[in-house]
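J.: Generate a structure from the sequence data that follows.
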Amino acid sequence: MSAEPERREVGDPASLKALGHPLRQRMLRRLDRQGPATATTLAKEMGENTGVTSYHLRQLADHGFIEDAPELAKRRERWWRSRPQDLRFLPRSAMTEDARLALGRLTELDAAADDEALQRFQRQRDTIGGWGDAFLFSRSALRLAPDELASFWEDYLALVLRYRQDDATHGVLPDSNETRRILVRFLAFPDID
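T.: Sure, this is the predicted structure:
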């Protein structure tokens with residue numbers, strides 16, 4: 001297991017807007033899953049032109065979500081990689097209205113991406129052997145005060161970070177017969193009558 005990634009709290013509207021763009025989200029997922037890439041590589045993979053992917057990569061870098069990978073560069077080629085981070089968001093009550101709106105859009109994008117990932121798994125699960133049984137699902141209800149919920153959240157994050165495996169290319173380990181990239185999600189919110 002690797003060291004804990006940099007903990008970063010995000011709450012400014014500009015960073016949230018940078019993170020909450022659909023193409024940037026796709027690019028980030030690609031960099032997280034497959035490792036460093038150039039704007040040209042991403043443009044081909046995503047059906048965009050290089051100018052568009054280059055612009056969006058620079059925006060992500062300007063806000064600290066990705067970084068240059070100069071050791072991979074050849075001539076004028078510029079490589080980018082994701083930055084291992086433990087991203088946290090300011091409490092909604094501490095955000096400006098613009099930040100709240102941007103976080104809402106980001107949350108919607110993330111939920112849609114998670115739904116798509118679940119749909120892909122469901123369509124393929126009968127064809128992936130024993131991995132088809134690797135679906136963990138739990139629904140529970142707890143009666144907690146806000147500070148207890150915050151403590152529960154920190155315990156959950158500590159568990160995730162304990163099992164996170166990052167290699168030298170920032171989170172890219174190949175799947176094998178024994179290991180696969182596992183999507184882990186947690187959702188908790190008050191039950192409003």
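J.: When you work out contacts or count neighbours from here on, use the C-alpha atoms and nothing else.
T.: Noted.
J.: The one residue sitting closest to the centre of the chain and Gly11, how far apart?
T.: By C-alpha atoms, centre = their mean, the chain has its centre lying nearest to Arg29, at 6.3 Å. Distance from Arg29 to Gly11, counting by C-alpha to C-alpha, to the nearest Å: 21 Å.
J.: Specify the local secondary structure of the residue nearest to the centre of the chain.
T.: Recorded secondary structure, Arg29: helix (DSSP: H, G, I helix; E, B strand; the rest coil).
J.: which residues touch the nearest residue to Glu6 once chain neighbours are set aside?
T.: Nearest non-adjacent residue to Glu6, counting by C-alpha to C-alpha, 6 or more residues apart in numbering: Gln85, 4.8 Å away. Counting by C-alpha atoms under 8 Å, 6 or more residues apart in numbering, Gln85 touches Pro5, Glu6, Arg7, Arg8.
J.: pLDDT check: weakest of those residues?
T.: Minimum pLDDT across those is recorded for Pro5, with 75.
J.: coming back round to it: among the contacts of Gln85, which lie within strands?
T.: Glu6, Arg7, Arg8 (DSSP state E).
J.: what about the strands in this structure?
T.: Under DSSP E, the chain gives strands at 6-10, 37-38, 66-68, 79-82, 85-89.
J.: on contacts alone, who are the packing partners of the fourth one?
T.: When contacts are defined as 3 or more C-alpha pairs under 8 Å, 6 or more residues apart in numbering; DSSP states H and E, strand 79-82 sits against helix 22-34, strand 37-38, strand 66-68.
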